[in-house]
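Engineer: I would like to see how this sequence folds:
(chains A and B)
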Number of protein chains: 2
Amino acid sequence: VSFPTVEFILHKRDGNSHTPEDIRAFCRAYLEGDIPDYQAAAWLMAVYFNGLDVAERAALTDATVHSGETLELSALELPKVDKHSTGGVGDKTSLVLVPLLASLDVCVPMMSGRGLGHTGGTLDKLEAIPGMRVELPLADYERILHECHGAFMAQTAKMAPLDKKLYALRDVTGTVESIGLITASIIGKKATEDLDGLVIDCKFGSGAFMKTLNDARALARALVDTAKTLGIRTTALLTNMHEPLGAFIGNAVEVREALHMLRHEPVEQRLREVTLTLATEMYRLAYPEQSETDARARLEQQLANGAAYEHMLRILAAQGVPKNVLNGLPDSLPVASHTIPIRATRSGLVHSIATSRLGRLLARLRAGRLTLEDTIDPVVGLHSHVTVGSRVRAGEPLGVLHVREDIDPSELAECFVIADDTPTGHPLIAERIT
Amino acid sequence: VSFPTVEFILHKRDGNSHTPEDIRAFCRAYLEGDIPDYQAAAWLMAVYFNGLDVAERAALTDATVHSGETLELSALELPKVDKHSTGGVGDKTSLVLVPLLASLDVCVPMMSGRGLGHTGGTLDKLEAIPGMRVELPLADYERILHECHGAFMAQTAKMAPLDKKLYALRDVTGTVESIGLITASIIGKKATEDLDGLVIDCKFGSGAFMKTLNDARALARALVDTAKTLGIRTTALLTNMHEPLGAFIGNAVEVREALHMLRHEPVEQRLREVTLTLATEMYRLAYPEQSETDARARLEQQLANGAAYEHMLRILAAQGVPKNVLNGLPDSLPVASHTIPIRATRSGLVHSIATSRLGRLLARLRAGRLTLEDTIDPVVGLHSHVTVGSRVRAGEPLGVLHVREDIDPSELAECFVIADDTPTGHPLIAERIT
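Structural biologist: This is a model prediction of the structure:
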């Protein structure tokens, strides 16, 4: 008997909930090509309007996980914990978290994506390191994870094919912005890693997908609840993306900043705090008996004693970075030929930063991608000297642009809004959701 | 430049109105195959949820009319008026209206459909007449309309192809039940007839698509308003479909009943009243200077003096019915070999009739179609002896089934609900909407 697709669509259109069995049968038939895209598209739009309840999200997520190949790490007797960020500007915490946690007997199979629009992608950043390979067969990742307990992974072509097929359709049918579908997509991909724990870094603010704390909270709640239905211990932090995270935005420059932090060198305070708070959450999901204070102290120690940085070098070596590059880091990273100061047009306080716009302008300069076909120039980036609340004088550099040619930075300067009055503050880490 | 389909979908998804230009551009691109079905399906579902306003309906209707060939009747100096019914059980008014109005200098290019589900189709009924051809090229219809002023037409393959393509997609994507889309489909097809006037017979009740008077009123309002945007004078009547219209349901039996009425022989009173009221509306749309009383009197006269019946024979002859069949009517219609009484299981009043169910049960016996592939047996039908409110005694026949073999009529009997209390009455013609 074929799947009764029209009835399935009508059921959701009319505001009813699907049974888990129906969700699974729909997903199976769709993936096998028995349900045409036009019927799936109508269902997706009905879901956009009527949503998916917790049980439906759980079923769709589970179907996503089991639609393709999954990591096989059962021989590894370590807790497996990952982090997912909803995306922002200057967010390089993953580059620190993987070696830091892996150096403390936590397996971190960090599966990341590429940048698009205003947001950067961990894989793009890592590829700024000469020789670094992030697109490996699953068996190679499994070997690296057994050896190093950490790896920087791209989703393989055979992982979560249901999500690939559904996402491609959502992208062209105006059905991306559905909490239920977003949740199943994010958790379904992450859960292919066979995780024990997951920390969600759910961004809010002008540089995030969720502009308001309320929207971010709703997404975080859905992500946490759905991950839990798969037996994954999950915590979410709502973190501030009203301005970029850290002093650098780009690819090589962000790797450099992450290496600084791993080498216990001074880095921008907000980046350090968010990274260590995420790390503490991850560590305590792996080892729940640890107190927050102890966990944090152990993590700080791994940065101070060089163990986290050493671990980073091991992972990079395993993923193809040659010795001469490793020994020369961070100076073996590619560097831009031109540095162009971005100057304040008036004196005052940095009142706000148009973070999405800043990200998109940098993407246009090839620090990121505006379309999937764009190629990235790893050396392009921005070194910001200010954060929201900084006092600046007219003509003083707000930051320095790293590029390959002379460029008028005035559009970038406009992203930094300078005013006389004190800006509204946003908490760096607004909430913790469990 | 290609049409920005994703933005178009998002615009409707987010509750905005399209411009007429955008609707037309979308329709053109979709019909030309430049927009894939999966994007059209997502848009249709967004329309299901967010609706189409009057200007959007007008644009979609206009795009439907002009997507294919249209009737060319400009040389015919008569007012052109048609009637559309939203579908019911036992509804054969079209068979009377076409010759009746055509006999009074009204051109009636009656384009009808086929039956599906519980509703019968005018074309199926007519094909019970030996030799009758309803699928003719457009030029033949134009010739017949010039000669006879009335014709029974099927939509040609080249008429309103946009509606054919969109309807096929709506049918499999759960997006049929949208007032905006229904309106554009109905009026878009009718308006290919180059009409001056249109009467909508909008049914309400258990045998109609719109079960309640409120829903029927909303649909009628939308149909009238949309037809008016195309410059067609339009009136709607909300008529009772809580029980079948007339005493016969089927194909040959309904033709016979219509011929009885055209020959001024006694027919079920409700059928006669609805038909004459629709006819009066049509006549007054054609000749607005006529009073209702005069119009009705002229129509009654055409039935009484045999002119309407003579006109019917002319039209049938023009559409292929041979002389021997015409001269022998109604006895030249095919007749069933078996007549099976349907008996009341108790005494009391006919409290209600499960009209949709009755229609579907008869379709299962091949008086209609449950799927598009089903073939119709013209002789199968039901002759009902009762209407809602009739007093019956246990064992007395409620009606007679006409079939080709012996059949247990108990399921059909169950459609007639007999009780002791007086049934709730519904007005035969509840409202007139202009």
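
Engineer: can you show me the helices along the stretch 301-434 of chain A?
Structural biologist: A:307-318, A:323-328, A:355-364, A:410-414 (DSSP state H, counting those that start in this stretch).

Engineer: tabulate these (CSV), appending mean neighbour count.
Structural biologist: Every residue, glycine included, has its C-beta placed from N, CA and C. Formatted as CSV, those follow (neighbours: other C-beta atoms under 10 Å in any protein chain shown):
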stretch, mean neighbour count
helix A:307-318, 20
helix A:323-328, 12
helix A:355-364, 22
helix A:410-414, 15
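
Engineer: will you turn those into JSON lines that also has mean pLDDT?
Structural biologist: Shown next, in JSON lines, are these (pLDDT from 0 to 100):
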{"stretch": "helix A:307-318", "mean pLDDT": "98"}
{"stretch": "helix A:323-328", "mean pLDDT": "98"}
{"stretch": "helix A:355-364", "mean pLDDT": "95"}
{"stretch": "helix A:410-414", "mean pLDDT": "95"}
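
Engineer: those helices: which one's closest to B:Leu362?
Structural biologist: Nearest to B:Leu362, of all those, is helix A:355-364, at 62.4 Å by C-beta to C-beta.

Engineer: show me how far that closest one is from its chain's centre.
Structural biologist: Computed by C-alpha atoms, centre = their mean, to the nearest Å, the separation of helix A:355-364 from the middle of its chain amounts to 17 Å.

Engineer: A:Cys202 contacts A:Leu237, correct?
Structural biologist: Yes. With contact defined as C-beta atoms under 8 Å, A:Cys202 reaches A:Leu237; the gap is 6.9 Å.

Engineer: higher neighbour count, those two?
Structural biologist: The neighbour count for A:Cys202 versus A:Leu237, taken as other C-beta atoms under 10 Å in any protein chain shown, is higher for A:Cys202 (31 against 22).

Engineer: check that one and give its pLDDT.
Structural biologist: As predicted, A:Cys202 sits at a pLDDT of 98.

Engineer: tell me who's in contact with it.
Structural biologist: A:85-86, A:210, A:216-217, A:219-220, A:223, A:236-239, A:433 (C-beta atoms under 8 Å, 6 or more residues apart in numbering or on different chains).

Engineer: try it again with 10 Å
Structural biologist: A:84-87, A:208-210, A:213, A:215-224, A:236-239, A:241, A:430-431, A:433 (C-beta atoms under 10 Å, 6 or more residues apart in numbering or on different chains).

Engineer: so the strand or helix carrying A:Tyr48 versus helix B:37-50, what angle?
Structural biologist: With secondary structure defined by DSSP states H and E, A:Tyr48 is part of helix A:37-50. Here the directions of helix A:37-50 and helix B:37-50 differ by 30 degrees (axes from the mean of the first three to the mean of the last three C-alpha atoms, to 10 degrees).

Engineer: check the stretch 301-434 of chain A for the residue nearest chain B and tell me.
Structural biologist: Residue nearest to chain B within the stretch 301-434 of chain A: A:Thr371 (13.2 Å; C-beta to the nearest C-beta).

Engineer: hang on, the earlier thing: of the contacts of A:Cys202, grab the buried ones for PyMOL.
Structural biologist: In PyMOL, this line selects whichever of these come out buried by 16 or more other C-beta atoms under 10 Å in any protein chain shown:
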select buried, chain A and resi 84+85+86+87+208+209+210+213+216+217+219+220+222+223+224+236+237+238+239+241+430+433
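
Engineer: in the stretch 1-150 of chain A, which spans are helices?
Structural biologist: Going by DSSP H, counting those that start in this stretch, the stretch 1-150 of chain A shows helices at A:5-13, A:20-31, A:37-50, A:54-65, A:93-102, A:122-126, A:138-148.

Engineer: re the thing from before, so which of the helices of the stretch 301-434 of chain A is nearest B:Arg272?
Structural biologist: That would be helix A:355-364 among those, by C-beta to C-beta, at 69.9 Å.

Engineer: give the contact list for the residue nearest to the spatial centre of chain A.
Structural biologist: By C-alpha atoms, centre = their mean, chain A has its centre lying nearest to A:Ser85, at 3.5 Å. Applying C-beta under 10 Å, 6+ apart, we find A:Ser85 in contact with A:91, A:93-94, A:112-113, A:119, A:122, A:199-203, A:208, A:237, A:239, A:241, A:245, A:274, A:278.

Engineer: which residues does it form a beta bridge with?
Structural biologist: A:Asp201 (DSSP bridges).

Engineer: gap between it and chain B?
Structural biologist: As judged by C-beta to the nearest C-beta, to the nearest Å, A:Ser85 and chain B stand 25 Å apart.

Engineer: identify each buried residue in stretch A:271-287, please.
Structural biologist: For stretch A:271-287, by 16+ other C-beta under 10 Å, it's A:271-272, A:274-287.

Engineer: angle of the helix holding A:Tyr48 against helix A:20-31?
Structural biologist: Going by the same axes, to 10 degrees, helix A:37-50 makes 140 degrees with helix A:20-31.

Engineer: can you spell out which helices and strands pack onto helix A:37-50?
Structural biologist: Other elements packing on helix A:37-50 under the criterion 3 or more C-beta pairs under 10 Å, 6 or more residues apart in numbering or on different chains; DSSP states H and E are helix A:5-13, helix A:20-31, helix A:161-173, helix A:179-190, helix B:5-13, helix B:37-50, helix B:161-173.

Engineer: I'd like the average pLDDT over the fifth one.
Structural biologist: It refers to helix B:5-13. Mean predicted confidence for helix B:5-13 is 96.

Engineer: between it and helix B:54-65, how big is the angle?
Structural biologist: Using the same axes, to 10 degrees: helix B:5-13 against helix B:54-65 is 130 degrees.

Engineer: with the second one instead?
Structural biologist: Using the same axes, to 10 degrees, one finds that helix A:20-31 and helix B:54-65 are set 50 degrees apart in direction.

Engineer: and helix A:20-31, anywhere near chain B?
Structural biologist: No. No part of helix A:20-31 sits near chain B under the criterion C-beta under 10 Å from any C-beta of the partner chain; the closest distance found is 11.8 Å.
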